Structures are given as structure tokens and as C-alpha cells.
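Undergrad: need a structure here:
(2 chains)
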Amino acid sequence: MKRKWIILALVLIVPAMLFTVSCAKKTVSTEPSTTDATADDDAARQAELAKQAELDRQKQLEEERLAAERAERLKAEAMDRDLAMAKNRFLSENIYFDFDKSVLSDQAQELLKEKAMWMRANPDASVVVEGHCDERGTNAYNLALGERRAESAKTFLVNLGISGARMTTISYGEERPLDMGHNEEAWAKNRRATFVIE
Amino acid sequence: MTFSRWIAFWPVLLMLLPASVSAAQYNYIDISNPFLRKTPIAVPVFKVPAQDPAAMRTAESAAQRLAYYLEFTGYFTISDPSAFLEDPQTMDITGVGIRYRNWTVIGAEMLVTGGVEIREGEAQFELRLFDTVKQKMLVGKRYRGKPDDYNRVARRFCSEVVFAVTGSRGFFDSKLAFVSNGTGHKEIYLCDFDGSNVKQFTRHNSISLFPDWSSDGRWIAYTTYANKRPRIRMQHVKEKRWSGIDKPGLQAVAAWVPGQFKLAASLSFSGDLEIYLLTGNGKVIKRLTNSVGIDGEPTWAPDGKRLAFVSRRAGNPQIYILDTVSGRVQRLTFEGRYNTQPSWSPKGDRIAYSAMKSGVIDIFTIDPESGEAVQLTENQGSNEAPTWSPDGSLIAFSSTREGKSRIYVMTAYGTDQRRLLTLPGEQTNPKWSPNIVTP
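TA: Predicted structure coming up:
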């Protein structure tokens, strides 16, 4: 029985002693290693890492900046394109009239509203409204009719709030047809009001 | 020009023909339509002294020109010389020994005799007009000038013949202005009444339209885009000076007031096209029309008080008459939906205009009092822009009857339609001048 206790004591105490010794030894031996040569290496590596991270971050920032710039440029280009298209449309979309008429059709009024938007967006632009007729009828009367057509387009824009001072009218009567044909298709194209930027 | 001075000083009545000629004149031409039955007239070659080939050449040319001008008036038909029973070089030309029966038997109701002598480079023309039925002389004139001046002698004498027969001076001192695009641009051109002697009047390389002569023949007003905008210019015919109208907007179709240095024109500076009375220098005197919409294409009655014009006030273009004294406006045309280009006859009794039906334009005349209209052109392309000769006997106009637009002439009754000239490009907007005293 006495022997059993000794064995138990040995079993319990010796490892415990061993444990305490090894622990003590470990704490003693590891502490100097961080403060000495191995500690310097570590710091360098850390700095290197940080530098790398900074570089990466900057590269990413640069890329983001470039991307943003590119997006900006594309947007500007798209806007320019839109502006150019709007301007183009302003200049190329004619207002058409019926024979011997200067009243504005629904379609003509929609187009004129679009033109009013463009003129509001471009407050510095002054425009000439040209009135034209087809070849039918007599040229003195057509000159007067062309003037009426240009005037009715101008008046519509003035009623939409565009300053009359920004618009002048000029009639060409039947003198400047778009289409030289002698048929209804050509005549319909020629009975028009055209916008020109001064 | 020396010859015009000659003409002014030298027309001499050979046999004393009193003013009674004008009392008898209406027997010859039926005023209601003088062109229906043309008077046959014989124009034998003028007589020259024997063996004078130079005088002969002048005599032949002069007689030919005279026959051409007589026929141009529309009143006469020229008798065929191959039927003549008399020898032009031996017959009597003074009247005492004329065998009238030899002319009536070939159908000639009138006879022109002439004599030409050339001495020291100066030609003397003796010309007479006889009524072969009544066997009497109606006109006798003597002219002096250069042998080459036979053309003007022929015109001057023809004017006398027309005066003796119709009581009106004719159009032999008149010109036409018109628009031609032969250079690629519409420019104003001038020519003599018969289409000869064409001259380019403007060189704007732009669009120039609607010429109109002042009644002294010294100014032409026209509409031009020479400075981009359609503006009226009053330009001197001979000298390099002009004035404009200092108003914005459209300036279209000027019409000089008869006998005055004033004109009417439609201007849009008020925002609406209205007709204004202006000085010859382009200053606004007063507004003549007052109606929203198109008012334009003025043309004056010879009294300078009434004005016909085109207005859209009834919904489509019609011709109206404005009495500028009372301010009263009356609608003249009711037929059709497109009546434009009024032109008041210098005689005052009719207004020529063009009417469009089914896309085709034809010329009509209308009585400004009764409104009764007569159609003058039909089935021959589009016929536009009528303008009267100064005596009201002929109407010039533009027509597409041969394809391209060209200038034609016809009598006031629509007979004898013929092309006046052929030029490159197309010709439009003719305007007859008054008889220009100093050509």
C-alpha cells in the first residue's frame, strides 16, 4: 500500500516537476530571442509588407482614378455626342407644311418643342428660320408664303418662351428646293421651314 | 446719240396732215377685238435713185424691218410681194400718181411707200402710209440719219402708222426687263420690245427677281438676295447708283406709281406682310393695306390712285382692288382658288392675272369694274407673269409650253402667241417698260 502511494506520488509529482522545470526553462529561453537578432529580421519583413501593401493600395487607387477618368471621358464624349446629335437634329429636322398653308401640324409642333428645348439649352445661339415652298404656284406669292411659314414657326417658339430677338426669318419662296423632282414626294419635302444657326 | 437728236429735230410732215387723222382712225381697227381681222398692208421695197446699190441695201433692209414691226403689232398682215402688180422702183410714191386699184385688187387695204437717198454718208428717208380703199394718204414723214439707222427709222414710222390706225402710240420705244438664270444665277436682263438687243442688267451672283420700271424708264426696282436677305433695290438704268429700303424682314415685289418717283412694295417688318407706299429713295410714306396674312404683288391703275394686289384674307390668294383715296378694298376675283400676278393695263380697262387650276397656270384678263374675266392661254404648259405693252395692245408672259420657261408675247385678246427670245437657261418675270423717251 505504501508503495502504491510512492508510485502515485512519483506519477503525479515528477511530471509536475518536469512541467514546472520545462516551463521555466522555456520562458527563460524564449524571451531573449525576440529582443535579439531574430527580432530585427521580423521588423524588416513587416516594413516590407507594409510598403508592398501601400504600393498595392496606391496602384489600386491609380487604377480606380484612371477608371473614373475613363468613365468621365466616356460620359463627356457621350454628352458631346448627344449635344452634337441634338444640334444636328435641330438643324436637320425640318418643319413641313401643306400646300398653300402656313399652319403648323401636330408633328411640326412636336418638332418645334424639341427645338425650343435645344434653344433653351443653348442660350447663346441665334438662329435663322428659313421658309420655303414647292415649285407650284407663282413665285411672288410663294415668296410671301415662305415668309408666313418662317414666321409661324418663329411665333410658335416665341410662345414657348424663346426670345424673338434670337430668331430672324428669311423666305426663299420656291427659289431653293431641296428636291428637284416634279412630283408630290418632292413637293412635300420642299414645303418646309429650316433652321440655321447664325 | 446723234441720231436721236436727228429724229427729234427732223421728223417733218411732208403733206400737211392735220390732227383730223386721229378723228378718222377708229374706222380702221375694230377696238373690241382689233386682232381678229388683220388689215392687209403692202410694204414694197423703198424706191432709190437709179444705180445706187448702197441706197438699195438700206432701202431693202428698212422695208423689211418695217414689215416685221408692222406684223409684230398684231394689227396687220403683210401682203405677198410676189403678187404685186406695181414695180416698187418705178411706181409713184408721193401719192399723186398711185394706182390704188392695183393694190386693192391684190387685197392690200393699206400701202406704205418709201424713198431712200444717200448723200455724203447721210441718208434721207421719205415714208408714207396710204389707205388704198379710201384712196388717201394717212401719214407722211421724212427722217434723216446714217444709213445704218434704218432700224430706228422703221420703228419710228411704224409708231406713226399704229398711231394713225389705232390712236395710240404703240410700244416702239419700249423695252422689257426679265429674269434669266443662264449664268447659273437669277439675274435681271433687259431687251428691246421685240426681244432683240439683250443686255444683262444685274451681276449679283445671287437671286434677283421681279423687276419693275419707273414710268420715266430711268429706274428699275427689283428684289435681290445680293446682301443675303430679300431686299428691294431701286437702281438707275444708266448710272451706277441705287438705293434700298432700310427695313428688316422680307421686301418683295415693288411697283412704281405711274408718273411719280414713288413706289408700292410689300414689307414684313411689322411681323406681317403689308403693302406700303414709299418714296423712290426707299422712305416709307404710309401703310396701304391692313389685314393679317399675305398682302402683296401691287400693281397701279394708270390714275395712280387705285391699286390691285393679291391677298390671302379670304383663305386663298385672290385679287383685290384698293382705292388709296377712300381706303376702300374690294375683292375682284372669285373664280378658282389661286389668282395671283395682277397687272393693270396702261389703258386702265383691264387687269391681266394668272390663275392656277389643277396645278396648271393660265393667263386671264378681267374687267376691274364688272369682274368679267376672259382666258387667254390654254393647254400650253404653264403661263405666268403677264405684263402689258405701254399701249395696252400686247401682253408679254412666261410659258413652259416648249419645256423650259421662256418669254412669249400675245395680243391683249390672246391671239398671235409667239416666243420673244431664246436664251440659255430659263426666263421668267417679264416686265414691260413704258415708252422710254430717250432710249
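Undergrad: partners of residue B:276 in the sheet?
TA: In this entry, residue B:276 is beta-bridged to residue B:265, residue B:287, by DSSP bridges.
Undergrad: residues in contact with it?
TA: B:264-267, B:284-288 (CB atoms under 8 Å, 6 or more residues apart in numbering or on different chains). Any C-beta I mention is one placed from the backbone N, CA and C, and that applies to glycine too.
Undergrad: just checking, what packs against the longest helix along chain A?
TA: In chain A, taking DSSP state H as the definition, the longest helix is helix A:37-92. Helix A:37-92 makes packing contacts with helix A:106-121, strand A:192-197 when contacts are defined by 3 or more CB pairs under 8 Å, 6 or more residues apart in numbering or on different chains; DSSP states H and E.
Undergrad: Find the centremost residue of chain A, please.
TA: residue A:75 (2.9 Å; CA atoms, centre = their mean).
Undergrad: How confident was the prediction at that one?
TA: If you check residue A:75, the pLDDT there is 92.
Undergrad: next one: residue B:18
TA: Taking residue B:18 on its own, its pLDDT is 38.
Undergrad: and if you look at residue A:18?
TA: pLDDT, read off for residue A:18, is 51.
Undergrad: and which of the contacts of residue B:276 is nearest to chain A?
TA: Closest approach to chain A among the contacts of residue B:276 (CB to the nearest CB): residue B:266, at 6.8 Å.
Undergrad: Filter the contacts of residue B:276 down to the buried ones.
TA: Buried members of those, counted by 16 or more other CB atoms under 10 Å in any protein chain shown: B:264-267, B:288.
Undergrad: Walk me through the domains of chain A.
TA: Here the domain parsing of chain A from automatic domain parsing is A:45-92, A:95-197.
Undergrad: so does stretch A:178-192 get close to chain B?
TA: No - under the criterion of CB under 8 Å from any CB of the partner chain, chain B is not reached by stretch A:178-192; the shortest gap measures 9.8 Å.
Undergrad: what sits up against that stretch?
TA: With CB under 8 Å, 6+ apart as the criterion, stretch A:178-192 contacts A:94-99, A:132-136, A:149, A:174, A:177.
Undergrad: which ones among those are found in strands?
TA: Judged by DSSP state E, these include A:95-96, A:132 as members of strands.
Undergrad: Can you check these and name whichever has the most neighbours?
TA: residue A:132 (26 neighbours; other CB atoms under 10 Å in any protein chain shown).
Undergrad: Would you mind naming what in the stretch 151-300 of chain B lies close to chain A?
TA: B:186, B:207, B:209-210, B:223, B:228-230, B:248-250, B:252-253, B:266, B:268, B:271-273, B:293-294, B:296-297.
Undergrad: returning to what we had before: highest mean neighbour count out of the domains of chain A?
TA: Ranked by mean neighbour count, the domains of chain A are led by domain A:95-197 with a mean of 19 (mean count of other CB atoms under 10 Å in any protein chain shown).
Undergrad: Could you list the domains of chain B?
TA: B:2-166, B:175-432.
Undergrad: And those: which comes nearest residue A:125?
TA: Of all the domains of chain B, it is domain B:175-432 that lies closest to residue A:125, at 18.5 Å by CB to CB.
Undergrad: what's the model's confidence in that closest one, averaged?
TA: Domain B:175-432 comes out at a mean pLDDT of 96.
Undergrad: Okay, now stretch B:71-87: how far is its last residue from its first?
TA: 22 Å (CA to CA, to the nearest Å).
Undergrad: can you pull the buried residues of it?
TA: B:71-79, B:84, B:86.
Undergrad: Please flag which of those sit within helices.
TA: Per DSSP H, the buried residues of stretch B:71-87 map to helices at B:71-72.
Undergrad: which one of the buried residues of stretch B:71-87 is nearest residue B:362?
TA: residue B:74 (19.7 Å).
Undergrad: which ones are touching the closest one?
TA: B:34-35, B:38, B:393-394, B:411, B:415-416.
Undergrad: The residue nearest to residue B:391 when sequence neighbours are not counted: neighbour count?
TA: Leaving out its chain neighbours, the residue that sits closest to residue B:391 by CB to CB, 6 or more residues apart in numbering or on different chains is residue B:168, at 4.3 Å. The number of residues packed around residue B:168, counting by other CB under 10 Å, is 19.
Undergrad: and residue B:168, how far is that from residue B:347?
TA: 8 Å (CB to CB, to the nearest Å).
Undergrad: Which residues are in contact with each of those two?
TA: B:391-392.
Undergrad: in the stretch 301-439 of chain B, which spans are strands?
TA: B:306-311, B:318-323, B:329-331, B:339-344, B:351-357, B:360-366, B:373-375, B:383-388, B:394-399, B:406-411, B:418-419, B:427-432 (DSSP state E, counting those that start in this stretch).
Undergrad: so what strands line up beside the shortest one?
TA: What it means is strand B:418-419. Strand B:418-419 has these strand partners (DSSP bridges): strand B:406-411 (antiparallel).
Undergrad: So which residues make contact with the strand it pairs with?
TA: Contacts for strand B:406-411 (CB under 8 Å, 6+ apart): B:35, B:74, B:176, B:178, B:195, B:376-377, B:383, B:393-399, B:401, B:416-422, B:426-427, B:430.
Undergrad: and the stretch 1-150 of chain B, which of its residues are near chain A?
TA: So the stretch 1-150 of chain B never meets chain A (CB under 8 Å from any CB).
Undergrad: residue contacts, residue A:198?
TA: A:125-128, A:168.
Undergrad: Going by distance to chain B, which of these wins?
TA: Distances from chain B to these, taken by CB to the nearest CB, are shortest for residue A:168, at 7.5 Å.
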